[in-house]
Each structure stands twice: as C-alpha cells, then as structure tokens.
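Enquirer: got a predicted structure plus its sequence, pasted below:
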Amino acid sequence: ATDKVTMQIDGAAVPFYAPLYAGVEQGFFADQDIEVEFIYAGASDILTNIAAGNVQFGFPNGDAVVAAVANGLPVKVVHTTYQRGIGALLAKADSGIETYADLKGKTVAVSSLGSPNYLQLQVGLKKAGLTLDDIKLEVVSTGAIVQALQSDQVDAIVFSELRKYNLEGAGVPVTMILSNDFLPSFGNVVVTSDKLLASDPDLVKRFTNAVTASYEWVIDGHVADALDISFEKYTPTWIDQKALLTTAFENSFVASVWQSDLTKEKGLGAADMDAWQANADTLKEYGVIDVAPKATDFVVDPSDIGK
Amino acid sequence: MISVSGLSKSFKMEGGNSVLALSPMDHHIPEGAFVSIVGPSGCGKSTFLRLVAGLEDASGGTIDLATGAIRRPVGFVFQDAVLLPWKSVRDNIRFPLDTSGVKRAAGNARVQELIDLVGLTGFEDALPKQLSGGMRQRAAIARALADDPPILLMDEPFSAVDLLTRETLNDELLKIWQQTGKTILLVTHSVEEAAYLGSEIMVMSPRPGRLKKTYSVDLPYPRTPDTKALPGYHALVSDLRRDLRDTE
Amino acid sequence: MISVSGLSKSFKMEGGNSVLALSPMDHHIPEGAFVSIVGPSGCGKSTFLRLVAGLEDASGGTIDLATGAIRRPVGFVFQDAVLLPWKSVRDNIRFPLDTSGVKRAAGNARVQELIDLVGLTGFEDALPKQLSGGMRQRAAIARALADDPPILLMDEPFSAVDLLTRETLNDELLKIWQQTGKTILLVTHSVEEAAYLGSEIMVMSPRPGRLKKTYSVDLPYPRTPDTKALPGYHALVSDLRRDLRDTE
Amino acid sequence: MLKRGLAGLLLITVLWGGGVLLFDVPEYLLPGPLTVLSRLAFLNANAGLMGHVQVTLIEIFWGFLVGLLAGVMTAVVFVRLPITERLATPLILLLQTAPKIAIAPLLLLWLGLGPAPKIVLIAIVTFFPVMTGMVSGLRFVNKSYLDLAQVLKLSPWQRFVHIELPAALPTVFAGATVATTLAMTAAVIGELMGANKGLGYLLSAGQENADTASVIGIVLVLSLMGWLFYEVFEALRRRMESRFSDV
Amino acid sequence: MLRVLRPMAEYGVALLLLIAAWWYASGPMEMPRYLLPSPQATMATLWSMLLSGELLPHLWFTLRNILLGLAIGAGTGIVGAYALYKLPRLATLLDGPLVVFQTAPKIALAPLFVVWFGLGLTAKLVLIFSLVFFPVLVGALAGFRGIDSRMHDIAKLLKLNPFQRFWRIDMMAALPGIFVGLKIGAVQALVGAVLAEWISGSDGLGYLMTYAGATYKTPLLFGAVLLTSTLGIVLHAALTILESRLLAWKVQDGR
Ligand SMILES: Nc1ncnc2c1ncn2[C@@H]1O[C@H](COP(=O)(O)OP(=O)(O)OP(=O)(O)O)[C@@H](O)[C@H]1O
Ligand SMILES: Nc1ncnc2c1ncn2[C@@H]1O[C@H](COP(=O)(O)OP(=O)(O)OP(=O)(O)O)[C@@H](O)[C@H]1O
Ligand SMILES: [Mg+2]
Ligand SMILES: [Mg+2]
C-alpha cells in the first residue's frame, strides 16, 4: 500500500524546491509507494514537529539540525541534500563592500542572533581581523531583511545567497561573499525522527530514494521542466522570474550545491561526516550550542539507512 | 399571611459606618389584608417592601410569607417603574406571563384587558422611553397584576399619576382585592389614599426607620366615593396627618 | 417673560406614524409668575417643560425666554430625579456651581444650606443609589436651586415626597420665589398644591395634548396654611378638579 | 451601509495611489493600487486565489463561532462565580499573550495538521474580546432589572435571555467587532505555522519572494473579508440595538 | 486594602495551580523537554539571567514599549471614538477605511512597518498603536453611544462647554465601555510589543523568544513567554482594580 507522509519545508513554497515538486509530478515518490504532502514553517518549528511526531520528514537547513540535536531533539539527517551552506554576505554593488574587512563601521543585518548567519558573520569578521564591535548590528526578520537592504536601512545582510537573484531581478546589482568558503555548513537537508528511522527504515529509505531520484532528474538537464512544474502548480507568482531562476539553478544549485565530489562518488545526499563534524564544532566554538554533538550520532548517509 | 419578627436592615455606607434603615420590627399581616404604609421620606418603607419581596437580605429577624410552594408569591410595583427598555408596553406587561409559560393567545386577552384598565390603549407598541412618567408607572402596575400573585407589593404606585386616573385605579384595585382576596401592601404619601384603601395602616417614622403605629381601619367595604364622606374616614385622615406631623 | 407661540411637538413612533404630544399652543407667561401646570397623565406637561428648557426641538412654533445673555436661564427638576450616579449628594448639588467656576469655599456654604433646606443633612456623602426615592428627588430640587437661575422648571418635584416635607418645601419654594422674583413653572398632580402655589394655573388636556384653560389666581400673597381656609382657595380647587374630571 | 464604506475606501485608495505617484515611492516599499490589483488578478488567474480565500473563510467562520460562544458562556460563569474569574484569568491571559508562534508546535501536536489548530487559534483570540465585553455588560446591568428578575423568580436561563443578554448587548458587540478583526490576524498566523492552503500560506510565499505587491494585495483581501464580517456584525448590532436600546 | 489583596491572592493561587499542572506535564507525564521544559529549568534560566543583569533590560524595554503604545493608542482611541460619536457624518465616512485598516493582519504588515518606519522605536510603536487603537475605539464608542440620554439633558441644561461635557459627563458615563476597550487593548499592546521585537531589533522579551526559539533554548522561550504573560496579568489586574475604583458607583451592592 501507499504510505502517506508529510514533509515540512523551511520557509514557504518557493521554486528553489522545484526538484521536490517535480518529483511528485513526475512520479518519483509514487514509484516508491509514497504519497507526500508538503507544508511549510520555520526551521525550528519543523524540527520540533518532527521530534514530536507531528510530521514524518522535514527539510530545514543543516545548522538548525545541529542546534536541535545539541539541544536534545531526537532527529536525524538522512539525506544531505544541499552539500554546502547557502549563507552569504550580500551588499549593494555600489556600496564598495567587497570583503568582510570593508564592513568596518557599516550596518549589517541578520535575521536572528540565533541564526547560523549570525555565526557566519562573526567568523567572517574574525577572519578579517574585526569583531562585532567594529560594525553596527541590526536584527531584521526574514520578511523585511531584503527590503531593508534595498531601502538602504542597512549596508549589508548576511542571509541566503538565493536572495542575490531576487535583488538582481529587482534591478539591484549585489556583491556576494559565500559563507561556505570559510565556514563549512549545509543548506536544506532531509530530516526524520530517530523513532521513525528505527521503526520503519524501509519507508525512510524509499523516501530518500525518491528525493535522490527527483534531484537527479533535475540535474540531468531538466531545470526548465522542473521550474515549469513548480510555476504551474506550486509557485505561480514567480513565473516572471524564470530567467533569473534558471541562472540561479544552473550557477548555484546544479553546479555546487546539490553536487560535490562526494556525491559523484556516493550519490546525491551523501553525508560528509567530517564537514558535519566541523560544522558542529564551529557552532560550539562560537557558543551557539553548549556541546557539539557527534556527526555520526545524527547524520546518516542514505546508503546506510536500514543497515 | 405575612409574619415579620425582629426584622431589621442596615446599609453599609462609604467610610464604614452604616445606616439603620429599619430597626427591629415585629408585625403580623393576616392573609387578605390591604395594608397601607405611610411615613416620611427615607423612613424605610421601600426597604420594608423589598425585604418582604426577598430583594434585600435582612440584617436580622425573619419574614414568613406562608405562601407554600407558589413559584411567584409576590408581585411588585417598583417606586420607579422599572420597565425593560427594550420591550414594548405590551411585551413588558406580558413578561410575567411569558416567563411562566402561559400560552400566547391566553396571555394576549389578559394583557389587553390590563392595558385598557390602566388606560394605555393605543400605546401597546410604544417603548418605555416613548411614554410619559405616569404612563410608565401605569404599565408597571399592569405588569404586577398580570400573573395574579397572591401578595401584591406596591411602592407609591400612583404618585406620578393624575387625580382622575388615580381614583379610577384606586377603585379598580379595591375591586380586584375584594374579588381575589390578595394580600396587598401599598406605600403611599397620600393619607387620604391610605385611609380610603387600607384595611390596616402602618405608620412608620424615621431615624432610624421603624414601625410607629398601626391602625385597624373599620370603614365598611365595599368602599366607594361615598366612603370619603364618612366621619370615620375624616377622623382617620386627620389622625394620620397628625402622626406624620409629629416626627417625635 | 416666557412667550410661546404656535408651539407644537410630535414624536415619531415605530412604524412611521407619529404622536402629537402638544398641539399648537400660544401662551404668554409674565416675568415673575408662578405657574402651576395640571393635567392628566400623558397630556404633554413634561413635553412642554422640556420644550421651554430647550431639551426638545419644537416641531413648530417658537419660544422666547427673554432672559438676555444669561448663560443658564433655566433650572430644571426632572420628573425622575436624574442625578449623576457617580457623584455624591453634595457633589451632585454642587455640580452647577462647579461648572460655572464658583469658588469651592463659596459653593460649599451654599450647598450645605440647600442640603439642610431639603432635609438631606447627614447624607452629604451618600451616592444616589444609596438614597430613597424621595431623597433623590429632594437632592435634584436642591441642585436646580444651586445656581439660582431666573427661570425654574419643576416636573412633579414633590410627588415622591411625604406630606410634611412637601408642605415645608412648598412654603420654602414660595419664600424663594417671593424673595428672588424667579419665574417658576411647576407640574403637579395635586390640585391643592397647584392652587396653593400658583399665581396662574395652566390646565392641559390630552389626545392631543393642549392647553385647555388658564386660571389667574387671585389668592393673596404671602400664602400660608391659612390660605387653605379661604373660600376662594376651595372654589379654585373644586374648579380644577372639575376641569380634570371632564376629559372633554 | 456598504455604499458609504466604499466611498471612504475609494478616498483612501485615491490618496494611496496619488501619494505613490507623487512621491515616486519605489515598488518594493509600497506599490500603487493598480500594481496591487493586477497582482491580485494574476494570483487569481494562476494561484487559485479564490480557493485560498475559501479555506481561510471557513476557518474564520468556525473559529469565530466557537470563540463567540465560549466567550459568552465563560463570561456568564465568571460573573455568577467571581472566584472562577480570578482563577481562570491568568490562564486566559497566558493564552492571549503567549505568542501564537511559540505554542504552534504544541497545537499541532494535539490537533494535527488540518484546519483544527487554526480554528482553535482563531477561537482563542476571538474569545477574549467577546468575554471581556460580556463580563462588563453583565457586571453593569442595571440593578433594577435584576430586582425585577428576582421578583418574577426567573430561572437563570430566562434571566440571561430576557434581561442580561439584551442589557449587555452593546459591550458584547463591541467585543465581537474587535474579535472579527483579530480573527483575521489569527487565521494568518495559523496558516503561517504550517499549512499549504489559505491566504496565510499565500502570504508567506509572497514574503519569501520579497513580493510587496502580493503581500499588500493579500492583506487587502483579508481586510475586505474582515470588513464584510464587520458589516454583517454591525447590521446585526443595529438591528438588535434598535430593539434593545437602553432608555 | 483587603479588597485589593484578595484578588491578588487568588490570581497567585491560579498561577501556582498552573505551574503545578505544568510541572506535572513536564515531570511525571514526561512531555519531552523540547516541547515543554520543566518549570524548574525555566525558573533557573530566568534566575540566572536576572542575576547576570541580562533580563531586566529586556523586560524594561518591552514594558516601556507596551506602556507607551498603550498610552498613545488608548488616548487616540478615546478621542477618535468621541469624534466619531459627535460627528456621525465623519463616522459614516471613516467606518470603512478604519475597519479595513484594522482588519489588515498586522503580522503580515509588521515586516513592512520596519521597511516603512525604520529599525528604531517608531516602527515598534506604530505596530503597537495599530493594535491598541481599534479595540479602544470600538469599546469607547459603545460606551459613548450607550450614555443615558438624561445625562445629556443635564449637560444641555447646564450649558456645559464641550470640555466640561467630555470630562464630567461623557467620559464618566462611558467608562464601562472604555474599560472593555482598554482591557482588550492592553493584551493587544503586549502582543504588538512582542511581535515588533520578533520582527526586528535585539532587545525585549519578544527578541528573547525568537532567539530562544531558533536556538532550541526552550527553557528561555517558556521563561520569556511566562514573563510576557505575567506582564499581561499585572496590566490586566491594574486595569481591573482601576475599573473597580472608578466604577464603584455602578457595581451593584451585594453581588
Ligand atoms: N442601597 C442602599 N444603600 C445605602 N443606604 C440605603 C440604600 N437603600 C436605602 N438606603 C437608606 O435607607 C433608608 C430608607 O430608605 P427607603 O428607600 O426604604 O426609604 P423610603 O421610606 O422608601 O423613602 P421614600 O419615601 O423617599 O421612598 C434611607 O436613609 C436610605 O438612605
Ligand atoms: N421620546 C418620546 N417619544 C415618543 N413619544 C413620546 C416621547 N416623550 C413623550 N411622548 C409622548 O408624548 C405624550 C406626552 O408626554 P409627556 O411626557 O409630556 O406627558 P405628561 O403630561 O408629562 O404625563 P405624566 O403626567 O404622565 O408625566 C405621551 O403620549 C407620550 O407617549
Ligand atoms: Mg421609597
Ligand atoms: Mg411628565
């Protein structure tokens, strides 16, 4: 029989999740006897919901998972979908901000002091020989942070690199410094609860198979198709941004987010345990979490599920 | 039968001290009596009626109405009408019937009768705010009569009503009383009215409010305008007047 | 001087039709008159007073008070007291003074005088809800007198007050009137009171409300309890009674 | 009723459009009315706006109904037994002031992913104003009317229907009016905390895209819905009040 | 004094009961810590933050915003209601826009407020104001419209000037309605203050909640929620006490 599951996705329905939507429409989930429903919420809500058993799968960002695990939530990463983090420093091109060193004296916004972006900012500053005292820090929520940059209320934001495409679409050229370059982390990853993984590893396995199949299909030259599927049924309001999105997908996602050297070897979603561990250790080092969990305790390579 | 023993009531005032509105009173009102109550303003007449109706808790003493298991032993005409402002005259008068499950048709006939009795014909659908002061009071009288309670407590029911209406209503009330054998307690400032109506008169006096004197009235029934020509009536009226004059 | 010409008032009722509360009336009340107004319940007495006070807009006709630039030409005693429920007796009585900038000290003396006059001594700090019906009305009378208006409109001011207080207040009112030369309009259901007090009596009749008759009273002033022994007084009283009896 | 409201709205719209034109406000800050309208038309054509409206409307209807009834009943209990009010008030205030987003996972845990948690959330926020209005109305009922009730030995139910409810109507309606507006916000919050249908869901998609025109458009649709609710309530209030007006 | 103390004691008892139930759910009932931290852990977190001096500035920041927003919102709400009451024409014209403005879900607009009014205090106050204004307006309007017409007779007779009439008659008579509005408004002010801090800034209880939420510091999250609610309870209690003072004349004896 078909398993009905719910997957809770970080944020809202946006075309960046097109591979998942395409996976449903192209039948990759059905192939695995899975019927999936997508709902949306913030990362921490997703992880709480998974731990509480409200939903079976989640698609939050990697840092949120580490923080959740460090705080005792019984959740596991079963598919490291985004092989790297997509946090980035964004500034208007005409602001003269090219490097972290240029931030001295500037106003920088992050969406929360609990967010990985805040950590990225600190590490970036440190590497440039600065501290938080050298800049003016503002906290602005997700819904307003891009407009705050646009309207010059802040000089730079540390947020998702994907916003670069939004801004450029609105005619605002931006400079970008990827955080992953100096701080290994992970974007969206598939998460499930310890309990489900233990009780029904087969379902989890099939689910990750479906996710892998979906992303593979997109990578194999179906970016445009996937976006069309997304526009048609899931994210119609983005249709006028197709060109931008195609660029974003090709330049970022396909090129370096979903795939890495490791995935070429082990398949999509493969877990780089060392990178995960480095990520957890850095979070601990900067005091975001009190104890760094062991990567092997909460990250599972899709190929190891059920073993 | 209304049996009152040791009944007293005091009210708390701002600042902690209290006003003795009624100092301990013992009294026995036989069933079917028509008791007129007179006394200066503030002597506790309303308080006494409200105690009898169970609207105030006594500070001391007891009241026994001996009406058995009747749901509504008393009808009350308040000193200031108290009509429900959101109901028409008709609905106000029918209110006691509506809330005791009387059928609409049966109720309607009774209500129209009462409206005619108190002279509000033509104002059935008016709201209380559209009535004059006297009309409001008459509507309240009709309401108190509507469901025919064995005890009728009336607090200055006719004070806002003109002479003619007052006399008519006096006579109607006497007729109703004689036909039904109700026990009626009526507060009034008119000693003539007290003497004309009452089979018994309670005279109260203030500071603190108490029962000063009771008269048993032996004017014959049925009373008619002729009663007012009797020497006994005049004697009683001037007695009452004197009682009210000497406030100690 | 109050000059009324063609004054009429009709009220809209539910359903669109309207009640003629006062059919066109012409009348002239000289300055310093004491006008008693009598008439059956619902004949438009209150409406007339409210029109004079400017509390209702006339449906037709005009009223001229000829009080010049005086800010508050009229004092009003409402049929049902209308005290501000959040103010004590003292503050209610002082309210007209407070709102016309009278100094506290000057006001206090005046207010205490009035409280004594209406017999509310000891209840200065009571709230309206803690007073008996008659006490409330007396407080309202005191308030109307507080700032000494040239015209005094009183709507059944004494109806809830006992005999003795009523007589006292009647005499006080006469005294005030004679000393100050106020114009007073007083509605009452007591023809004795109307005759005893008035220099002129307006008799009104209902359906529709209108001025039926006016009497010029030639009983001598000052009036004292002896006045009630005069034949002229008795004749007037029985005339009025007759007027009220025959409703057309 | 609707006509005069529309006149006022038209005025505001003209001011808004004029202001945007005059001061050359950039679109990401405040798009003009036409932009917003065309965005709405787009949403309607491509994103099934009406379907989302319907989902939200149904949630609001049920949530509001539950909140209204609960508010009225709780108020009655509170006024009859004042100690219950003091005992329950902290809990009620906790529910009212705790950010809904903080209790969302708990609600989902207990009520699942369907419309239930949204309806409960709406009920929670509508409950409070209704209750507050009703408590005040009941507490300040003219004492004389209660005397009448006692003389007529009305049953508690009769007293409630014939005396307390009509006397409390103005403040209850004031509370309910406020509740209609709060219900809108609650519906959005409910859908933000986990949904794939409804205007709140569309809204979060708009926010994610920094699509100010969509956000304002959806907010406008929600406001108009709220306004309709409000007008229905006002009409009801006027009808009741003309029957139940005091003095 | 006793009249004030007794309700406070009862509120206290209620809070204790609540905490007991909470303790039971998190302890013996074994609700997981990430869903419901124990009251002990919550208190410990709050206590240590209090000792380190971190807590009070946040608390004060939120409280100040609430009071400011409530004062501005309530003031304009009452004055606005009076204007609408006195000028029915204005009321007919403004009714629609007011309601539309009011029903616009603030949570959706809050991010835009930041964009429109900047990152400082203004945006926060605008948000709180926008939430407080309407309940007070509606409550006060109900209060004004329900004034006994005989009170107007008095005002008219005594030729009170508009100011006297407002303060001495209309305000007093409308108080029950105004308090309905204020009580709802106070809760809304609280919600608004927290929401504002949620959207931007790094001060206040609302900020603590976002921070705690994002970092799974559930004891801190619940501590902040608890503090917010306590603020709400204190505010509500203060209003109730004020109400019972100002409306003593209206509350029935013996009920
Ligand atoms: N609710 C109350 N609180 C405090 N005192 C009260 C209250 N009701 C009545 N009193 C006081 O009790 C006394 C008696 O009042 P009551 O109303 O019984 O007088 P009454 O004889 O009916 O007078 P009236 O003829 O003026 O109506 C008065 O002094 C009054 O001030
Ligand atoms: N606000 C109103 N709306 C409609 N009709 C009214 C209103 N006020 C008074 N009336 C009607 O006007 C008529 C006259 O009323 P008014 O109050 O002047 O009588 P009144 O002479 O003072 O009677 P009473 O002696 O009973 O006080 C009555 O028929 C009454 O129903
Ligand atoms: Mg009395
Ligand atoms: Mg009258």
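Expert: Yep, that arrived. Residues are numbered from 1 along each chain as shown, chains lettered A, B, ... in the order given. Ligands and ions are numbered 1, 2, ... in the order given.
Enquirer: tell me which residue lies farthest from the centre of chain D.
Expert: D:Val151 (39.0 Å; C-alpha atoms, centre = their mean).
Enquirer: would you check that it makes contact with B:Gly75?
Expert: Yes: contact status for D:Val151 versus B:Gly75: in contact at 7.3 Å, counting by C-beta atoms under 8 Å. From N, CA and C alone the C-beta is placed, and that goes for glycine too.
Enquirer: stretch A:73-81: which residues count as buried?
Expert: A:73-81 (16 or more other C-beta atoms under 10 Å in any protein chain shown).
Enquirer: what's the answer for stretch E:163-183, then?
Expert: Buried residues in stretch E:163-183 (16+ other C-beta under 10 Å): E:164-166, E:168-183.
Enquirer: does chain B sit close to it?
Expert: No: Stretch E:163-183 does not reach chain B (C-beta under 8 Å from any C-beta of the partner chain); its nearest approach is 15.9 Å.
Enquirer: what average pLDDT does that stretch get?
Expert: Stretch E:163-183 shows a mean pLDDT of 90 in the predicted model.
Enquirer: any low-confidence regions in chain E?
Expert: Within chain E, the stretches with pLDDT under 70 are E:1-4, E:7, E:251-255.
Enquirer: report the distance from the longest helix seen in it to the chain centre.
Expert: As assigned by DSSP state H, the longest helix anywhere in chain E is helix E:55-86. How far helix E:55-86 lies from its chain's middle: 8 Å, per C-alpha atoms, centre = their mean, to the nearest Å.
Enquirer: same question, stretch D:56-73
Expert: Distance of stretch D:56-73 from the chain centroid (C-alpha atoms, centre = their mean) equals 9 Å.
Enquirer: now do the helices in chain D.
Expert: Assigned by DSSP H, the helices in chain D fall at D:2-23, D:33-46, D:49-80, D:82-97, D:100-111, D:116-139, D:143-151, D:156-159, D:165-192, D:199-208, D:212-244.
Enquirer: name the element B:Leu186 belongs to?
Expert: Element membership for B:Leu186 (DSSP states H and E) is strand B:183-187.
Enquirer: list the contacts of that strand.
Expert: The contact list for strand B:183-187, computed with C-beta atoms under 8 Å, 6 or more residues apart in numbering or on different chains, reads B:1-2, B:29-38, B:45-46, B:49, B:52, B:79, B:150-157, B:173, B:177, B:194, B:197-198.
Enquirer: and the residues you listed, which of them are in helices?
Expert: Judged by DSSP H, the subset of the contacts of strand B:183-187 located in helices is B:45-46, B:49, B:52, B:173, B:177, B:194, B:197.
Enquirer: most neighbours, which of these?
Expert: Among these, the one with the most neighbours (other C-beta atoms under 10 Å in any protein chain shown) is B:Lys45, at 30 neighbours.
Enquirer: for B:Val4, phi and psi?
Expert: phi -120, psi 130 (degrees, to the nearest 10).
Enquirer: kindly report the same for the one 5 residues further on.
Expert: Listed backbone geometry of B:Lys9 is phi -150, psi 130, with angles given as degrees, to the nearest 10.
Enquirer: what's the spacing between it and ligand 4?
Expert: Distance of B:Lys9 to ligand 4, given as C-beta to the ion, to the nearest Å: 32 Å.
Enquirer: try A:Ala88
Expert: Relative to ligand 4, A:Ala88 is positioned 83 Å away (C-beta to the ion).
Enquirer: re earlier: just want the angle from the helix or strand that the longest helix of chain E is followed by to helix E:55-86.
Expert: Counting by DSSP H and E, the next helix or strand C-terminal to helix E:55-86 is helix E:88-103. With axes from the mean of the first three to the mean of the last three C-alpha atoms, to 10 degrees as the basis, helix E:88-103 and helix E:55-86 are set at 150 degrees to each other.
Enquirer: what helices and strands are in contact with helix E:88-103?
Expert: Contacting helix E:88-103 under the criterion 3 or more C-beta pairs under 8 Å, 6 or more residues apart in numbering or on different chains; DSSP states H and E are the following elements: helix D:2-23, helix D:165-192, helix D:212-244, helix E:55-86, helix E:121-145.
Enquirer: can you give me the buried ones in the third one?
Expert: Of the residues in helix D:212-244, those buried by neighbour count under the rule 16+ other C-beta under 10 Å are D:212-231, D:233-234, D:237, D:240-241, D:244.
Enquirer: how is the nearest residue to D:Leu148 once chain neighbours are set aside assigned, secondary-structure-wise?
Expert: Counting by C-beta to C-beta, 6 or more residues apart in numbering or on different chains, the nearest residue to D:Leu148 once its immediate chain neighbours are dropped is B:Val82, at 5.5 Å. Following DSSP: H, G, I helix; E, B strand; the rest coil, we place B:Val82 in the coil state.
Enquirer: how many neighbours does B:Leu83 have?
Expert: If we define neighbours as other C-beta under 10 Å, then B:Leu83 has 27 of them.
Enquirer: then the one 10 residues further on?
Expert: Using other C-beta under 10 Å, B:Ile93 has 30 neighbouring residues.
Enquirer: please apply the same query to E:Thr76.
Expert: When neighbours are counted by other C-beta under 10 Å, E:Thr76 registers 16.
Enquirer: state the distance from it to B:Gly119.
Expert: According to C-beta to C-beta, to the nearest Å, E:Thr76 stands 52 Å off from B:Gly119.
Enquirer: hey, which of the helices and strands packed on helix E:88-103 is tucked in deepest?
Expert: Mean neighbours per residue, mean count of other C-beta atoms under 10 Å in any protein chain shown, is largest over those for helix D:165-192, with a mean of 27.
Enquirer: for A:Asn54, phi and psi?
Expert: Backbone geometry at A:Asn54, expressed as degrees, to the nearest 10, gives phi -70, psi -40.
Enquirer: what residues are up against it?
Expert: A:Asn54 neighbours (C-beta under 8 Å, 6+ apart): D:105, D:108-109, D:112-113.
Enquirer: what is the nearest of those residues to A:Ala18?
Expert: Using C-beta to C-beta, D:Leu113 is the member of the contacts of A:Asn54 that lies nearest A:Ala18, at 23.1 Å.
Enquirer: wait, that closest one sits on A:Phe38?
Expert: No: at 11.2 Å, D:Leu113 does not count as touching A:Phe38 under the criterion of C-beta under 8 Å.
Enquirer: overlap in contacts of these two?
Expert: If you check D:Leu113 and A:Phe38 against C-beta under 8 Å, 6+ apart, the residues they both contact are A:Thr6.
Enquirer: tell me how far the residue of chain D found nearest chain A lies from chain B.
Expert: Relative to chain A, the nearest point of chain D is D:Asn46 (3.6 Å; C-beta to the nearest C-beta). For D:Asn46, the distance to chain B (C-beta to the nearest C-beta, to the nearest Å) stands at 52 Å.
Enquirer: A:Leu203 now?
Expert: For A:Leu203, the distance to chain B (C-beta to the nearest C-beta) stands at 64 Å.
Enquirer: phi and psi next, for that residue.
Expert: A:Leu203 adopts backbone torsions of phi -60, psi -50, taken as degrees, to the nearest 10.
Enquirer: now do the contacts for it.
Expert: Taking C-beta under 8 Å, 6+ apart, one finds A:3, A:5, A:34, A:56, A:196 in contact with A:Leu203.
Enquirer: kindly report the same for B:Arg223.
Expert: By C-beta under 8 Å, 6+ apart, the contact list for B:Arg223 reads B:174, B:196-197.
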